[in-house]
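1. What follows is a predicted structure for the sequence shown.
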Number of protein chains: 2
Amino acid sequence: MDKILRIDMGAEGGPKATVAPIGNYAGLGGRGLTSAIVSKEVPPTCHPLGEDNKLVIAPGMLSGTTAAMSGRISVGCKSPLTGGIKEANAGGQAAQCLARLGYAAIVLEGKPKTDDTYKVLINSDGVQITVDNSLKMLGNYATIDKIKEQYGDKVACISIGPAGEMKLGAASVACTDMEMRPTRHAGRGGVGAVMGAKRVKAIVIDDSGCKMRSPKDPEKFKDACKRWVDGLKTHPVTSQGLPLFGTNVLTNVINEAGGYPTHNFSMGRFPGHQSISGETQAARETERGGSATHGCHRGCIIQCSGIYNDKDGNYLTKQPEYETVWAHGGNCGIDDLDVIAQLDRLDDDFGLDTIEMGATIGVAMEAGVAKFGDGQAAINLVKEVGQGTPLGRILGSGAAVTGKVFGVERVPVVKGQAMPAYDPRAVQGIGVTYATSPMGADHTSGYAVAQNIMKVGGDVDPQSPEGQTALSRELQITTAAVDSTGMCLFVAFAAMDQPDTFQALIDIINSFYGLSLTGDDVAALGKSILKNEREFNLAAGFSKADDRLPPFMKKQALSPHNIVFKVKDEDLDSVFNW
Amino acid sequence: MDKILRIDMGAEGGPKATVAPIGNYAGLGGRGLTSAIVSKEVPPTCHPLGEDNKLVIAPGMLSGTTAAMSGRISVGCKSPLTGGIKEANAGGQAAQCLARLGYAAIVLEGKPKTDDTYKVLINSDGVQITVDNSLKMLGNYATIDKIKEQYGDKVACISIGPAGEMKLGAASVACTDMEMRPTRHAGRGGVGAVMGAKRVKAIVIDDSGCKMRSPKDPEKFKDACKRWVDGLKTHPVTSQGLPLFGTNVLTNVINEAGGYPTHNFSMGRFPGHQSISGETQAARETERGGSATHGCHRGCIIQCSGIYNDKDGNYLTKQPEYETVWAHGGNCGIDDLDVIAQLDRLDDDFGLDTIEMGATIGVAMEAGVAKFGDGQAAINLVKEVGQGTPLGRILGSGAAVTGKVFGVERVPVVKGQAMPAYDPRAVQGIGVTYATSPMGADHTSGYAVAQNIMKVGGDVDPQSPEGQTALSRELQITTAAVDSTGMCLFVAFAAMDQPDTFQALIDIINSFYGLSLTGDDVAALGKSILKNEREFNLAAGFSKADDRLPPFMKKQALSPHNIVFKVKDEDLDSVFNW
């Protein structure tokens, strides 16, 4: 991981690849690296789909090592959805393969001069860029089928579906999982549209012949890795809740807390929650011969995923995440897991962010485009996106655009990005994160749900504005750092509650790189990332007014607790005063 | 004009009208009044379609008097198109009638609790608000036909078409002209959508029995009015160019200057310009028994408008303005005046801003939705807007949304509002106004074309960045003041070139109100309006980055002069340093 691959898609005579040493970016990985490159090299006021934007794909600092859970890959750019800086990350196999090939990042630059569609092959021989118009407008599944025919099923692939090619604001970047299915998505912020603007359909990563990355101090590394695994195998969330029921274990929990956004954020509880809960989902997966416990990449020991088969026992999609089940489920009044699984499959195939799509359909339902609860209508709407009809393009552009086009007032977005599955009125801490994260409304960038609801890593009253600002600040700092390591964010449950596990993570980094970082250094890294991101957004035109929830959150009380968002504006403005 | 009518559309039991003395707003009119009320009473971060926004309709300070040219009416609100403060003004009869009834403003507030459509009647007996669902989704022409049946043809009417009812970003507010046709539109910024959100379809203003407003010093007023008329009858632009050929006299002029945005701002000259010039248009109007010289309201002596008949000699629409002919013409590669006139008629009927619609179709053509030059396709696209199809809703939401939905990079907007008919690369002064006006891209808010191209009121090289900032600053200040008087902006040609005519305008105000204002006071008024507007926008979230032209203006050279926009960012940031 000491080199960066840059591909100038707009070069004279066609795309040109250059590999150069990592230079000044040395020591960075994942979000730390993508945000550093974007904030240093991309003009903040450029058009997100223009030649000046760059798409940066970076494995984490620990990706490609034997450290468990280190398979996350970050995708960064100026976001076509928010207009600000964006990092979205995903699991799957790509991070490990890319890291083992020695690449700290791939940077797609410039703008092609023709309408051709490109495919990139990266292996130990180097980099090959070829025109492959046979891939044009294929779904991610069909794309991967073609890649498999040509390169076998041992490679990893990063690809976009038709949504990315259409440059839609909800377009994701897909990464293949262990079974080489395109199920792991860097979903948020329209990163797929930027890859589409660069006309790169697929990046094939073949690490055959490559070894695991080797640590500076193998003994210490091995010891730290063992303590790390022990910690993850001890904490109830990472050893029981997530493996058994997946992220969807949260449906009943958040619904009980009255923070489950229902019918486009108009209620806090969904009557049909039991039909779509993690418990129901796991039972069905097992019953149909799928799996309720499965990893998204080799080296995962939490195994929060699963395999969702259809009624005939055939593979339909990977286990839909809690946020997906919510977005396409309760938020749209849909209580049928089979419908939700079909929507998940369509999103993955077209290359769409499930959160943005579910929130968008909720807004469209509020506008009367379809009825709340009508699953078939929701399926038809997502199919319109894949077909690129005018209605499909509206929806594929996300909730904010859909709200504008249909004149809807209740549009749950911050900085143009749709809110995920936790209502900030009943979970005020996550509201602070939604409002202030440089990413737009994003639960992963400071998951205060842990302390507000699950009481992991602390206990802060979810309905009170007190303490939420400090909580979100700490979480955003830590998360920015974790997002740089390549570690799955779910390790945080154990690391926040168990000091030994947190120390094991620091020891892994130190022994691998020959460093002597402390917890304070980790915080400093997180702060420096957030500072880069905030400065980019400021220069792009963001102001305090962008660090706010939409007005309805302060005016419309949420049932059953009849509560509005109560954190004061001046407190929101203090989140980054550290 | 010493009272304000407020209608709370969200009142318990249905809309409630209250008339109260003007109070602290005394002395203000037109844009000065709308911007004062909006900036004082509307929360800058509210949803433009929500209960907290207000639609303020205000005649100018001199409307309803015998002073020539005083028939402009201002419509203000938080704009659904830009997200900032908005004032759009229109001619027609409404300003004079409302002023003679004594109203300084109508303020529509709140949000109705039902889906009913309302009609408001204002006459010397008071105010009547009634449900009239028979008007729902009618075009402006059909709406006015129904109003005429009920109230006769001597009233004035302010109405919205289906676009406003659908709350689209390009929706206008229509005012009837002397023939009681809905041809005069407060077009820009989606003010019609805010009226639609208030569910007010039509405001009927019956001033029968009312007298002209009387001046404090009738003798001095009469003398000043005479000098005013003499000045307007002397200057070549107001006495010859505009009466003979209308605003469309500019087609050949701007095309010759290489500043005529063609094919979605990709070229500076349109090969078909002669087919759609003001000279061609005037000849055709006369030949078909229409009229090339016509006023939009009683009291107009410039008579820049006209009547455009179809091939059979039947009324089709009022004479399309230069900006309309450009937007639907050269910008879309269309060189057929009959097509353009049909588009103008459709826009007026659906209640759409012709500039926004033409620019939007240009963007859609660049996206491949239709071919440049295909007039029938353009007509079909505007009809889609009227029908409210998904494609129509996209287009009706304006150029910025259309660019997002179709993934287009070259989108000619500032603050989300489309640029009018002057390319800022060849007319750099108007570029400064587009970039910095609180209104978004708007030629009328600081018409530097006068000094850059027409050499009226000064001479500043259009292709040089030098002197443009100072020019735009002065023009924006003066314009804000003129927009408060109710005077048609075209008086500025004479007032800028002829000191006596400028003095006559000040004397009209002084003698009418018993004041002793000087030119400095006029400038102070303009500055205070701009300050209000800028502060609103700042609080709504605008920053320096919003005072910029889109990136392509600095990167893509415009033919035939091969020139980019050259005014520096720091100079743009100095426009409001006075």
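-> Here it is on my side, so go on. Numbers count the residues shown, from 1 in each chain, chains lettered A, B, ... in the order given.
2. and the stretch 251-400 of chain A, which residues reach chain B?
-> Neighbours of chain B within the stretch 251-400 of chain A, by CB under 8 Å from any CB of the partner chain: A:389-391, A:393-394, A:397. Placement of C-beta: from N, CA and C, glycine included.
3. tell me the strands in the stretch 301-450 of chain A, going along the chain?
-> Under the criterion DSSP state E, counting those that start in this stretch, the stretch 301-450 of chain A contains strands at A:305-309, A:315-318, A:413-414, A:417-418.
4. can you tell me the average pLDDT over the second one?
-> Put plainly, it is strand A:315-318. Per-region confidence: strand A:315-318 scores 98 on mean pLDDT.
5. Now do the buried residues in it.
-> A:316-318 (16 or more other CB atoms under 10 Å in any protein chain shown).
6. hang on, the earlier thing: dump the strands of the stretch 301-450 of chain A to JSON lines, plus distance to A:Gly76.
-> What follows is the strands of the stretch 301-450 of chain A, written out as JSON lines (distance: least, CB to CB, whole Å):
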{"stretch": "strand A:305-309", "distance to A:Gly76": "24"}
{"stretch": "strand A:315-318", "distance to A:Gly76": "24"}
{"stretch": "strand A:413-414", "distance to A:Gly76": "19"}
{"stretch": "strand A:417-418", "distance to A:Gly76": "15"}
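7. Restrict the host helix or strand of A:Asp145 to CA atoms and write it as PDB.
-> Assigned by DSSP states H and E, A:Asp145 belongs to helix A:140-151. The C-alpha trace of helix A:140-151 is given here as PDB (Å, rounded to 0.1, in the frame of the first residue of the first chain):
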ATOM      1  CA  ASN A 140     -24.600  -5.200 -11.600                       C
ATOM      2  CA  TYR A 141     -25.500  -8.900 -11.500                       C
ATOM      3  CA  ALA A 142     -25.300  -9.300 -15.300                       C
ATOM      4  CA  THR A 143     -22.100  -7.300 -15.300                       C
ATOM      5  CA  ILE A 144     -20.500  -9.600 -12.700                       C
ATOM      6  CA  ASP A 145     -21.600 -12.600 -14.700                       C
ATOM      7  CA  LYS A 146     -19.700 -11.300 -17.700                       C
ATOM      8  CA  ILE A 147     -16.700 -10.500 -15.500                       C
ATOM      9  CA  LYS A 148     -16.700 -14.000 -14.100                       C
ATOM     10  CA  GLU A 149     -16.800 -15.500 -17.600                       C
ATOM     11  CA  GLN A 150     -13.700 -13.600 -18.500                       C
ATOM     12  CA  TYR A 151     -11.700 -13.500 -15.300                       C
END
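8. Distance from the chain centre to that helix, please.
-> Remark: helix A:140-151 is offset 23 Å from the chain centroid, using CA atoms, centre = their mean, to the nearest Å.
9. next SSE after it?
-> strand A:156-159.
10. and that next one, what does it pack onto?
-> helix A:94-100, helix A:140-151, strand A:173-175, strand A:200-205 (3 or more CB pairs under 8 Å, 6 or more residues apart in numbering or on different chains; DSSP states H and E).
11. ok, how many other residues are close to A:Asn24?
-> Close neighbours of A:Asn24, defined as other CB atoms under 10 Å in any protein chain shown, add up to 9.
12. What confidence value was assigned to it?
-> Here the pLDDT value assigned to A:Asn24 is 96.
13. rewinding a little: let me have the helices and strands packed on strand A:156-159 in TSV, extended by mean pLDDT and mean neighbour count.
-> Output for the helices and strands packed on strand A:156-159, formatted as TSV (pLDDT from 0 to 100; neighbours: other CB atoms under 10 Å in any protein chain shown):
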stretch	mean pLDDT	mean neighbour count
helix A:94-100	97	29
helix A:140-151	98	19
strand A:173-175	98	34
strand A:200-205	98	26
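14. now the nearest residue to A:Tyr322 once chain neighbours are set aside: how far from A:Gln303?
-> Distance criterion CB to CB, 6 or more residues apart in numbering or on different chains; nearest residue to A:Tyr322, sequence neighbours excluded, is A:Thr247 at 3.9 Å. As for A:Thr247, its distance to A:Gln303 is 12 Å (criterion: CB to CB, to the nearest Å).
15. And A:Leu381, by the same measure?
-> 33 Å.
16. In contact with A:Met178: list those residues for me.
-> A:93, A:295-298 (CB atoms under 8 Å, 6 or more residues apart in numbering or on different chains).
17. Buried members of those into PyMOL, please.
-> Buried subset of the contacts of A:Met178, written as a PyMOL selection, criterion 16+ other CB under 10 Å:
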select buried, chain A and resi 93+295+296+297
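18. Would you mind listing what in the stretch 451-578 of chain A touches chain B?
-> Applying CB under 8 Å from any CB, we find that the stretch 451-578 of chain A lies next to chain B at A:538-546, A:548, A:550-552.
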